[in-house]
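Kindly generate the corresponding structure for this input.
(4 chains)
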4 protein chains.
Amino acid sequence: MGAVIPGIVVPPEESFNGLLGLAVTECDEHSARAELAVRRELLQPWGIVHGGVFATIAESLASWATATVVVPSGQAAMGLSNATSFLRPLRAGTIHALATRRHRGRTTWVWDVDMSDDEGRLCATSRVTIAVRPFEGAAGADAGEAGA
Amino acid sequence: MGAVIPGIVVPPEESFNGLLGLAVTECDEHSARAELAVRRELLQPWGIVHGGVFATIAESLASWATATVVVPSGQAAMGLSNATSFLRPLRAGTIHALATRRHRGRTTWVWDVDMSDDEGRLCATSRVTIAVRPFEGAAGADAGEAGA
Amino acid sequence: MGAVIPGIVVPPEESFNGLLGLAVTECDEHSARAELAVRRELLQPWGIVHGGVFATIAESLASWATATVVVPSGQAAMGLSNATSFLRPLRAGTIHALATRRHRGRTTWVWDVDMSDDEGRLCATSRVTIAVRPFEGAAGADAGEAGA
Amino acid sequence: MGAVIPGIVVPPEESFNGLLGLAVTECDEHSARAELAVRRELLQPWGIVHGGVFATIAESLASWATATVVVPSGQAAMGLSNATSFLRPLRAGTIHALATRRHRGRTTWVWDVDMSDDEGRLCATSRVTIAVRPFEGAAGADAGEAGA
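Sure thing, here's the model as predicted:
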């Protein structure tokens, strides 16, 4: 995540992505990739990766990839919805995530994010809709909607 | 989360909920509540709570509340899908989450989870579907599906 | 659906709602109700109401209820997403639908729509997000997004 | 839809697909295609294709393609959830739908369904989860869950 994007108030490594340990390895306006090594504190009590981890990875990739384009042009990118399906439990190894943009509209971008294990088996898949809004309204305390 | 539930291999405080700092304050088979104080490492780079935090809270409440009933009867509760809508950005204070069960089927339970700020304004809402499966298959390494 | 709303080019009774036979019985900006009598041509091949019927009812109620407010003020209301969960099969009788607004933002409204059978049992539930946009852009042939 | 599948009680041409006029042109366990010519009674009042039409197409393709495999083996395929995103308004021409299976689990199959216009532009996309259940329970009047 080496891109210089305006308006950042929390360095990525100190943000929620940093808490997870998410490493974004590729990112442009069409697709993005990230990896996350599974560790004990990413599991739920029965020993599999918590569903929130998958949702977080998807949200981060879709938001960041949209932001790299729209923020420099004076807009904000914020999550509108995140629908994640959990397909296969994961206990160890590395999560490999690939985000692919499905739609670029004037006010929303839609991304699909596939998350696989070390053997390439699909473990979870997310559809994330990112709202693109004028920066002021989006960031204001009185914004009517917004997410991540 | 004082209930004694079989099969736990990661104590909740050492699991992903512990990493977040999520405090489940009420939990039965019909509803559940949790609170989470916003802190810097739960934010995304533009200073609002990361969407993955909301998805995680919802997933945890729905899974845990289902598990309290089905796990003692020899079944597993695992997330099948989590659809979270982000309605209002949150920068500080405490997230107040209320999970309400909408459906109890033989193989799936459906929950709605509302997450509000300190003024009671709805910030995010999730629909979480939890699969209820025989414990062995669900936990096995070769399980065909499962989540959190 | 007696409200006079600008810009209508297909009378509701000749639109998809008419094809279904949907009767909207109440509609304001906070909630809306409709009923639909199950008949053979609303079923799928195994004899239960087709899931698309439930999704359609939800989409119609959420869109129409949003439109009653925003269209007279010069905006368009169009579906952005519709997530429907199917909970109980229905074979006969009447579908009773209740839409409740969960969020009114500047650019999106979010509705929950519950659909029950004659005994009041929940058969399906939808979360519908409606985009509110300036009328011209929304209706234009080059609109970047839009739905129902 | 020439496959002979057991248990059908409503011929497809007399079912909801028939009411729409949906033509399934290809269907196997990995993918399926359908076409639907837009006509006035498939529109919503503002002259664009009703969102429920897209949701219905997706539900039909995913259900039917799953059923071709599981029904002959004594199981039922019923919709569990349908999440449709509306990306571009459509006023005329033909809807071209392609369903692709993303996951085949023991109890759920997950499909992505893309729906495009005559120029190949993506107008709507759905994620449909189909439950695979023993036939008796699924079809019974007391089934705890089910859809289309």
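
I'd guessed A:Phe135 sits against A:Met78; true?
No - in this structure, A:Phe135 is not within contact of A:Met78 by Cβ atoms under 8 Å, at 10.3 Å. All C-beta atoms are positioned from the backbone trio N, CA, C, and that covers glycine.

Neighbour count: those two, which is higher?
Higher neighbour count among A:Phe135 and A:Met78: A:Met78, with 25 against 17, using other Cβ atoms under 10 Å in any protein chain shown.

Which helix or strand contains that one?
strand A:75-86 (DSSP states H and E).

Please work out the angle formed by the directions of that strand and strand C:75-86.
20 degrees (axes from the mean of the first three to the mean of the last three Cα atoms, to 10 degrees).

ok, the helix or strand just after strand A:75-86: who's next to it in the sheet?
Next helix or strand after strand A:75-86 toward the C-terminus (DSSP H and E): strand A:94-104. According to DSSP bridges, strand A:94-104 forms sheet pairs with strand A:31-37 (antiparallel), strand A:108-116 (antiparallel).

Distance to A:His96 for the ones you listed - can I get that in CSV?
As requested, these are exported to CSV (distance: least, Cβ to Cβ, whole Å):
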stretch, distance to A:His96
strand A:31-37, 6
strand A:108-116, 5
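
follow-up on the earlier one: which secondary structure elements does the strand holding A:Met78 sit against?
On a contact count with 3 or more Cβ pairs under 8 Å, 6 or more residues apart in numbering or on different chains; DSSP states H and E, strand A:75-86 meets helix A:51-70, strand A:122-134, helix A:135-139, helix B:51-70, strand B:75-86, strand C:75-86, strand D:122-134.

what sits against the residue nearest to A:Arg102 when sequence neighbours are not counted?
Of all residues not flanking A:Arg102 in the chain, A:Val110 sits nearest, at 4.7 Å (Cβ to Cβ, 6 or more residues apart in numbering or on different chains). Applying Cβ atoms under 8 Å, 6 or more residues apart in numbering or on different chains to A:Val110 gives the contacts A:101-103, A:127-130, D:85, D:87, D:125.

Let's have the strands paired with strand A:94-104 in CSV, adding distance to C:Leu43 and mean pLDDT.
Shown next, in CSV, are the strands paired with strand A:94-104 (distance: least, Cβ to Cβ, whole Å; pLDDT from 0 to 100):
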stretch, distance to C:Leu43, mean pLDDT
strand A:31-37, 41, 98
strand A:108-116, 32, 98
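
list the contacts for A:Val113?
So A:Val113 contacts A:57-58, A:61-62, A:97-100, A:125-128 (Cβ under 8 Å, 6+ apart).

now those residues: which count as buried?
For the contacts of A:Val113, a neighbour count by 16 or more other Cβ atoms under 10 Å in any protein chain shown gives the buried set as A:57-58, A:61-62, A:97-99, A:125-128.

Spit out the contact partners of the residue nearest the centre of chain A.
Closest to where the C-alpha atoms of chain A average out (Cα atoms, centre = their mean) is A:Ser60, at 1.9 Å. By Cβ under 8 Å, 6+ apart, A:Ser60 lies in contact with A:16-17, A:22, A:24, A:34, A:148, B:44, B:50, B:52.

How about A:Phe16?
Counting by Cβ under 8 Å, 6+ apart, A:Phe16 makes contact with A:56, A:60, B:41-44, B:50, B:52-53.

The closest residue to A:Ile95 other than its chain neighbours - how many residues pack around it?
Leaving out its chain neighbours, the residue that sits closest to A:Ile95 by Cβ to Cβ, 6+ apart is A:Leu36, at 4.6 Å. Neighbour count for A:Leu36, taken as other Cβ under 10 Å: 22.

Next one: A:Thr56 from A:Gly18, what distance?
12 Å (Cβ to Cβ, to the nearest Å).

who's more crowded, those two?
Neighbours per residue (other Cβ under 10 Å) separate A:Thr56 from A:Gly18, with A:Thr56 holding more: 31 against 15.

The more buried one contacts B:Ile57, correct?
No - between A:Thr56 and B:Ile57 there is no contact under Cβ under 8 Å: 11.5 Å.

quick one: furthest residue from the center of chain A?
Chain A, farthest from centre, Cα atoms, centre = their mean: A:Trp46 at 24.8 Å.

Could I have the CA atoms of stretch A:23-31 written out in PDB?
Extracted as PDB, the C-alpha positions of stretch A:23-31 are listed here (Å, rounded to 0.1, in the frame of the first residue of the first chain):
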ATOM      1  CA  ALA A  23      -0.400  -7.200   3.500                       C
ATOM      2  CA  VAL A  24      -1.700  -5.600   0.300                       C
ATOM      3  CA  THR A  25       0.600  -6.900  -2.400                       C
ATOM      4  CA  GLU A  26      -1.000  -5.400  -5.600                       C
ATOM      5  CA  CYS A  27      -3.500  -2.700  -6.000                       C
ATOM      6  CA  ASP A  28      -4.800  -0.800  -9.000                       C
ATOM      7  CA  GLU A  29      -8.300   0.400 -10.100                       C
ATOM      8  CA  HIS A  30      -9.100  -3.000 -11.700                       C
ATOM      9  CA  SER A  31      -7.900  -5.500  -9.200                       C
END
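
what's next to that stretch, contact-wise?
A:1, A:3, A:17, A:32-36, A:60-61, A:64-66, A:68-69, A:98-101, A:104.

give me that answer again for 6 Å
A:1, A:32-35, A:64-65, A:69, A:99-101 (Cβ atoms under 6 Å, 6 or more residues apart in numbering or on different chains).

Stretch A:97-107 now?
A:30-34, A:57, A:61-62, A:65, A:110-115, A:132, C:144-145, D:87.
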